[in-house]
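K.L.:
I need the structure of the sequence given here:
(2 chains)
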Amino acid sequence: MRIEVNEPACVGSGQCALVAEDLFDQDDDGIVIVLADHVAAGLEDAARRAAALCPARAIALVE
Amino acid sequence: MTGRPRTVIVGASIAGISTAEALRRAGYDGTITVAGEEPHRPYNRPPLSKQVLTGQWAPEDASIAPAETFSGLGIDLLLGVRATGLDTDRRRVRTEAGELAYDSLVIATGVAARVAGPLPPLAGVHTLRTLDDATALRAGLDGAARALVVGGGVLGGEIAAGLAKRGLTVTLVGRGEQLCFGQVGPLLAPLLADLHRTNGVRLELGRDVVELRGADRVTGAVLSDGSEVAADLVVTAVGSRPRVEWLAGAPLRSSDGVECDPAGRAAPDVYAVGDVARWADASGGSSTRVEHQQHAIEQAHAVAATIATGVARAPGIVPFFWSELHGTRIQAYGRFDGASSLAVVAGDAADGRFVALATRDGVPVGVVGWNLPRAFREVRARFASTSADLGERQLVP
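P.N.:
Here you go, the predicted structure:
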């Protein structure tokens, strides 16, 4: 599973980093930083939850 | 396989679409039909008053997902189809395109913009709720120089900021003596007013528009104090009303939103999510209708889990919302009613970047972020573990 983010859509809510801190962080302006483009085994559910919770729909997962 | 093989979702905005997607994630393998009255591919509303208004985005950039996402998930989208009635005995939704039979029904019809008083139908007068509204407003900017925004809430503020960024001279009229900002308004009103004034927005607070001037095109307005404001563009943002008219006659309580239990159930196998839904508080407090994108998503996830598993899930969602005004990102998480003071815990208000805890009777009840989103998230996460009022319950899978 691979993570793709649409940075211009990111609103800096931080939902992704709240539920998947191993996969996402934010820069000082709140914009998403992907910590690992490829999702390690065991983190898939966290990645799916982050994508589903994103209020800007800025996270896509490529299975 | 569930014993309820047909789910119909009425409303194709973020609440309805999130419900459909979450049903599939939860393994639901029945049919999912989403009917929406607008003809457009489902889109996010928050960007309409931000990136789309300022011109950074084309209207279609607000799209929730490509069309193939829905077909790939086996979600039947019926766009341009308005629901006209509900028969809960026969389990049918009546639409302009015929009846839809359901085993589970999710009501996600949202809200409509309220119109400010008995205003005459003049060209140059707009509201902003739908993609069509946004497109019309953008077209209306051509040649416009002076804008009047009516409404001192979050949306009115965003529209005023967007129009200022577009180079218009902007006056913002608000009925209250202070700007509103959801429940956190009383705490932030002075900062918000400063932010608008610093960026060139003229504020006329404690006033109302009593008359619009103009023959066929608006030329200005008369305010309740007798003063006049010249304007060739007027945008009203004076609240919303739940879209429940199609539920007339159905055995649901829906005077101000569809009343639901803490799991979003309005009646057996009938649920409501998003702006139209009024959920009872899980801890026994009063019911509330919350018009936030994040709230809609989390309600959708809970209802989808309930439908998919047959076990009711009552998530106790803590409100979170954000706004963007003149390049400043403002975030609020918590329940702020009755909160009386803010204590800065990160950054510095003097620098225009801070995170603060809001307290009620000395007890923290919410977190406010002002242009410091990463620290806001860290405070929110840390704070949540120590306060019963701010449980991260909505983040539990």
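K.L.:
Quick check: the residue of chain A nearest chain B.
P.N.:
Nearest residue of chain A to chain B, counting by C-beta to the nearest C-beta: A:Gly30, 2.7 Å away. The way it works is simple: take the backbone N, C-alpha and C, and place the C-beta from them, glycine included.
K.L.:
can you list the residues of chain A near chain B?
P.N.:
Counting by C-beta under 8 Å from any C-beta of the partner chain, the residues of chain A lying close to chain B are A:8-9, A:11-15, A:17-19, A:25-30, A:45, A:48-49, A:52-53, A:55-57.
K.L.:
ChimeraX command to pick out the buried ones of those residues?
P.N.:
Remark: buried members of those, expressed as a ChimeraX selection using 16 or more other C-beta atoms under 10 Å in any protein chain shown:
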select /A:9,11,12,13,14,15,17,18,19,25,26,30,48,49,52,53,55,56,57
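K.L.:
do the one helix or strand B:Arg329 maps to and chain A meet?
P.N.:
Element membership for B:Arg329 (DSSP states H and E) is strand B:328-334. Yes: judged by C-beta under 8 Å from any C-beta, strand B:328-334 and chain A are in contact via B:Arg329, B:Gln331.
K.L.:
Could you export the very next helix or strand once past that strand as PDB, CA atoms only?
P.N.:
Reading on from strand B:328-334 to the C-terminus, the next helix or strand found by DSSP H and E is strand B:341-348. Coordinates of each C-alpha in strand B:341-348 appear next as PDB, following Å, rounded to 0.1, in the frame of the first residue of the first chain:
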ATOM      1  CA  SER B 341     -11.300  32.500  29.200                       C
ATOM      2  CA  LEU B 342      -8.400  31.500  27.000                       C
ATOM      3  CA  ALA B 343      -4.900  30.600  28.300                       C
ATOM      4  CA  VAL B 344      -2.100  30.500  25.800                       C
ATOM      5  CA  VAL B 345      -0.100  27.300  26.100                       C
ATOM      6  CA  ALA B 346       2.100  27.500  22.900                       C
ATOM      7  CA  GLY B 347       3.200  30.300  20.700                       C
ATOM      8  CA  ASP B 348       2.500  34.000  21.400                       C
END
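K.L.:
Show me what strand B:341-348 is packed against.
P.N.:
Applying 3 or more C-beta pairs under 8 Å, 6 or more residues apart in numbering or on different chains; DSSP states H and E, we find strand B:341-348 packed against strand B:353-360, helix B:373-384.
K.L.:
between the ones you listed, which gets nearest to chain A?
P.N.:
Nearest to chain A, of all those, is helix B:373-384, at 2.7 Å by C-beta to the nearest C-beta.
K.L.:
tell me which residues in that closest one are buried?
P.N.:
Applying 16+ other C-beta under 10 Å to helix B:373-384 flags B:Pro373, B:Arg374, B:Ala375, B:Phe376, B:Arg377, B:Glu378, B:Val379, B:Arg380, B:Ala381, B:Phe383, B:Ala384 as buried.
K.L.:
restrict those residues to contacts with chain A.
P.N.:
Here is what survives when the buried residues of helix B:373-384 are matched to chain A using C-beta under 8 Å from any C-beta: B:Pro373, B:Arg374, B:Phe376, B:Arg377, B:Arg380, B:Ala381.
K.L.:
Could you dump those into TSV and include distance to B:Ala147 and pLDDT?
P.N.:
Compiled in TSV, these are given as follows (distance: C-beta to C-beta, whole Å; pLDDT from 0 to 100):
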residue	distance to B:Ala147	pLDDT
B:Pro373	29	97
B:Arg374	34	96
B:Phe376	31	96
B:Arg377	34	94
B:Arg380	35	90
B:Ala381	39	86
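K.L.:
Just the closest of those to B:Arg217, please.
P.N.:
Proximity of those to B:Arg217 (C-beta to C-beta) peaks at B:Pro373, which lies at 41.0 Å.
K.L.:
Chain A contacts on the stretch 201-350 of chain B?
P.N.:
B:Gln293, B:Gln294, B:Ile297, B:Glu298, B:His301, B:Phe320, B:Trp322, B:Glu324, B:Arg329, B:Gln331.
K.L.:
Report the buried members of the residues you listed.
P.N.:
Buried members of these, scored by 16+ other C-beta under 10 Å, are B:Gln293, B:Gln294, B:Ile297, B:Glu298, B:His301, B:Phe320, B:Trp322, B:Glu324, B:Arg329, B:Gln331.
K.L.:
So which of the residues you listed sit within strands?
P.N.:
With DSSP state E as the criterion, strands contain B:Phe320, B:Trp322, B:Glu324, B:Arg329, B:Gln331 from among those.
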